[in-house]
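Novice: Predicted structure and sequence below. I'll ask about it afterward.
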Amino acid sequence: ISHVINYDIPHDTEAYVHRIGRTGRAGRKGDAILFVAPREKRLLGAIERATGGKIEMMELPSTELINDKRIAQFKQSISDTLAAKDLSLYAKVIEQYQVEHNIPANEVAAALAHLAQGGSPLLLKHQPTPKKDKSWDKVDKGGRDDRSRSRDNSRDKPRANRKRGNEEEIRRKKNAPPEKGMERFRIEVGHNDHVMPGNIVGAIANEAGLTSRDIGRINIFESYSTVDLPKGMPNDIYKDLKNTWVAKKKLNITRADEKAKERSEPKRKESDDGDKPIRRKPKLKKETVKPKSGNKAKQRHKKT
């Protein structure tokens, strides 16, 4: 195919490479177009590193250019219809309409053109051309001035206080409850598996049919991670996510509150027979009984 258009930037670089691989096959040329918001620059950088090349930034067409193109296409569609179709019946109906209503032919044609548009406008409304975001040319941590101001401000604070403040802020964010309409889930991959947030987002988005905007906060710990997803997940998607693989491990997704409840409940000792509690045998107490005539002394056991 000639073009692949990524309306949402893929969070999985392998998925992006697979998509754009459909262009330019068999020695042909092809274009891959990617829409990227300024806040998604990190993902763009990951894709550029994966593909080993710089992705060229395109200039968005102006409103005037788009409208000129639409008018040209509309005129061409009229010419194509006049050349290829038998319009005698329609011409007769239009003539009758003109006589009956005394309407000029150009106004009738304009009304028919409006009907052909199906209610959607032919032309775009004028919008100011967005200014080029110069931050694209800077590193993700901000411009040089921002970084220098940040360093100057941080010098005023003792290093121990800065470190403690950063740790408290990270801990506060990780412990923050899910946003309204979201539910927190636990997945069994973490830092030990070298997993990245993009890997988690890509896997969940593909299996659950969600966009990256539908996926909330992701916290990655040593052996597991938590992710906030919209409430009311269907059971079939929940089962699919349990068997989804990320970083060579199954997600084994569970609701975070259920996992916390399991850890808080005391474990019961179980017997080999299952869930029945173990019953201990009663202790035996020895009791000495006086011997009967002619018999030796005997001992008997009495249950207590």
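Specialist: On my side now, so go ahead.
Novice: now Glu258, what's its secondary structure?
Specialist: Taken by DSSP: H, G, I helix; E, B strand; the rest coil, the conformation at Glu258 corresponds to helix.
Novice: Give the buried residues for the particular helix or strand that has Ile33 in it.
Specialist: Secondary structure assignment for Ile33, by DSSP states H and E: strand 31-34. Buried residues in strand 31-34, counted by 16 or more other C-beta atoms under 10 Å: Ala32, Leu34. C-betas here are computed from N, CA, C, even on glycine.
Novice: Using PDB, write out every CA atom in that strand.
Specialist: Below are the C-alpha coordinates for strand 31-34, written out as PDB (Å, rounded to 0.1, in the frame of the first residue of the first chain):
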ATOM      1  CA  ASP A  31       4.900   6.900   3.100                       C
ATOM      2  CA  ALA A  32       4.100   6.400   6.800                       C
ATOM      3  CA  ILE A  33       2.400   9.400   8.500                       C
ATOM      4  CA  LEU A  34       2.300   9.700  12.300                       C
END
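Novice: That one packs against which elements?
Specialist: Other helices and strands packing on strand 31-34, by 3 or more C-beta pairs under 8 Å, 6 or more residues apart in numbering; DSSP states H and E, are strand 3-6, helix 13-20.
Novice: could you dump the ones you listed to a markdown table with mean pLDDT and mean neighbour count?
Specialist: Below are the helices and strands packed on strand 31-34 laid out as a markdown table (pLDDT from 0 to 100; neighbours: other C-beta atoms under 10 Å):
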| stretch | mean pLDDT | mean neighbour count |
| --- | --- | --- |
| strand 3-6 | 87 | 13 |
| helix 13-20 | 78 | 16 |
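Novice: so which of those comes closest to Arg186?
Specialist: Between Arg186 and the helices and strands packed on strand 31-34, the shortest separation by C-beta to C-beta is 24.2 Å, and it involves helix 13-20.
Novice: Any buried residues in stretch 218-232, and which?
Specialist: For stretch 218-232, a neighbour-count test (16+ other C-beta under 10 Å) marks Ile218, Asn219, Ile220, Tyr224, Ser225, Thr226, Val227, Asp228, Leu229 as buried.
Novice: give the contact list for the first one.
Specialist: Neighbour list for Ile218: Pro197, Ile200, Val201, Ser225, Thr226, Val227, Asp228 [criterion: C-beta atoms under 8 Å, 6 or more residues apart in numbering].
Novice: looking at it, the fifth one is touching Ile200, isn't it?
Specialist: No. Counting by C-beta atoms under 8 Å, no contact exists between Thr226 and Ile200, whose distance comes to 10.0 Å.
Novice: okay, and the common contacts of the two?
Specialist: Jointly contacting Thr226 and Ile200 under the rule C-beta under 8 Å, 6+ apart are Ile187, Ile218.
Novice: number of nearby residues for Met246?
Specialist: Just so we're on the same page, residue 246 is Val rather than Met. By other C-beta atoms under 10 Å, 20 other residues sit near Val246.
Novice: Now do the contacts for Asp68.
Specialist: Counting by C-beta under 8 Å, 6+ apart, Asp68 has no contacts.
Novice: That one and Met57, how far apart?
Specialist: 23 Å (C-beta to C-beta, to the nearest Å).
Novice: and which of the buried residues of stretch 218-232 is nearest Ala105?
Specialist: Closest to Ala105, out of all of these and judged by C-beta to C-beta, is Leu229, at 59.1 Å.
Novice: Quick check on the closest one: phi, psi?
Specialist: When read as degrees, to the nearest 10, the backbone of Leu229 gives phi -130, psi 160.
Novice: Surely it touches Glu183?
Specialist: Yes. Contact criterion C-beta under 8 Å: Leu229 and Glu183 qualify, at 6.0 Å.
Novice: what residues do those two have in common as contacts?
Specialist: With C-beta under 8 Å, 6+ apart, Leu229 and Glu183 have no common neighbours.
Novice: and the gap between Met233 and Ile47?
Specialist: Here the criterion is C-beta to C-beta. By it, Met233 lies 29 Å from Ile47.
Novice: Just want to know which of the two has more residues nearby.
Specialist: Per other C-beta under 10 Å, whichever of Met233 and Ile47 has more neighbours is Ile47, with 24 against 16.
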